[in-house]
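A.B. asks: Give me the fold of what follows.
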Amino acid sequence: MARLVLWDIDHTLISTRGVGRALSAAAFEEVTGQPMREQVQINGITEPVIFRETAKLHGLTTDRKDFERFAKALAEQHLHRAAELREHGHALPGAAAALDALAAAGVRQTVVTGNVKGAAKVKLGVFGLDTHIDWDSGAYGEDADLRSGLVELALRRSGSEPRNAALIGDTPADVEGGRATGVRVVAVATGRSSAEELLSAGADVVLQDLTDIDLLARLVRAEGSL
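C.D. replies: Prediction:
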């Protein structure tokens, strides 16, 4: 059975309903001195790539130090405006119950996310979804540009083999990150990608949402292909 679940965050466990973009815009302007007039497509993309490519849209060339400043500013924006995030965003249906059920079954849980770590902790914390998360075993936007790199890092940090892990996410990028590393993927069609797109990307199984807790637990416990 899977002893480790790697959770994506945005559109898998929560929705920020536009607040996330506003916080990114504030951090972008703080670091670059320019208002963020537009932003690259962010579906499944990590923060370093989003920042770099968005900067290019504004005629800017950035380096790692610029991203590190942005990451710090973004984490601070989430911390300072947590009440706004709580007011406008929400946990997705079944998210809290799914986390509780997997914890009760003895499954270790962490996150593999394009968010920087500080923002990830605030996002789950404001909706009470952080109780069962092993933050030290996770992988975050600061750690790699590609999802596959994040999954590999989370496996190393957790001391887990791919066959003992399952990834739960909502984008083709999540699916590809799992497949590239040999991790079973349970995709949820709760974001911008349809069930058909997630299956085409190679998901082992696709759920419409997280509300069928018993089914999700069975899929996580399954060995080999689903």
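A.B. asks: Over stretch 75-93, what's the mean pLDDT, rounded is fine.
C.D. replies: Regarding stretch 75-93, the rounded mean pLDDT is 96.
A.B. asks: buried stuff in the lengthiest helix in the chain?
C.D. replies: Using DSSP state H, we find that the single longest helix of the chain is helix 64-80. For helix 64-80, a neighbour-count test (16 or more other CB atoms under 10 Å) marks D66, F67, R69, F70, A71, K72, A73, L74, A75, E76, Q77, H78 as buried. In short, each C-beta sits where N, CA and C put it, glycine included.
A.B. asks: Please apply the same query to stretch 129-146.
C.D. replies: Going by 16+ other CB under 10 Å, stretch 129-146 has these buried residues: 129-130, 132-133, 137-144, 146.
A.B. asks: Among these, which ones are in helices?
C.D. replies: Per DSSP H, those never map to helices.
A.B. asks: Show me what the helix or strand of the chain with the lowest mean pLDDT is packed against.
C.D. replies: Between all helices and strands in the chain, the lowest mean by mean pLDDT, DSSP states H and E belongs to helix 213-221, at a mean of 90. Counting by 3 or more CB pairs under 8 Å, 6 or more residues apart in numbering; DSSP states H and E, the packing neighbours recorded for helix 213-221 are helix 95-104, strand 184-188, strand 205-207.
A.B. asks: Could I get the CA-only coordinates of it as PDB?
C.D. replies: Provided in PDB are the C-alpha atoms of helix 213-221 (Å, rounded to 0.1, in the frame of the first residue of the first chain):
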ATOM      1  CA  ILE A 213     -13.500   9.400   1.000                       C
ATOM      2  CA  ASP A 214     -13.800   5.600   1.100                       C
ATOM      3  CA  LEU A 215     -12.900   5.400  -2.600                       C
ATOM      4  CA  LEU A 216     -10.000   7.700  -2.300                       C
ATOM      5  CA  ALA A 217      -8.600   5.600   0.600                       C
ATOM      6  CA  ARG A 218      -9.000   2.400  -1.400                       C
ATOM      7  CA  LEU A 219      -7.100   4.000  -4.400                       C
ATOM      8  CA  VAL A 220      -4.300   5.200  -2.100                       C
ATOM      9  CA  ARG A 221      -4.000   1.700  -0.500                       C
END
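A.B. asks: okay, the helices and strands packed on helix 213-221, which one's buried deepest?
C.D. replies: strand 184-188 (a mean of 26; mean count of other CB atoms under 10 Å).
A.B. asks: could you give the mean pLDDT of that one?
C.D. replies: Strand 184-188 comes out at a mean pLDDT of 97.
A.B. asks: Which elements pack onto that strand?
C.D. replies: Looks like strand 184-188 contacts strand 165-169, helix 172-181, helix 195-201, strand 205-207, helix 213-221 (3+ CB pairs under 8 Å, 6+ apart).
A.B. asks: how far off strand 184-188 does the first one point, in degrees?
C.D. replies: Per axes from the mean of the first three to the mean of the last three CA atoms, to 10 degrees, the angle that strand 165-169 makes with strand 184-188 is 20 degrees.
A.B. asks: How far off centre is strand 165-169?
C.D. replies: On the basis of CA atoms, centre = their mean, to the nearest Å, strand 165-169 is displaced by 11 Å from the centre of the chain it belongs to.
A.B. asks: from here on, count from 35
C.D. replies: That works, and once the first residue is 35, the last one we named lands at strand 199-203.
A.B. asks: and the protein, what are its domains?
C.D. replies: 38-49+124-255, 53-120 (automatic domain parsing).
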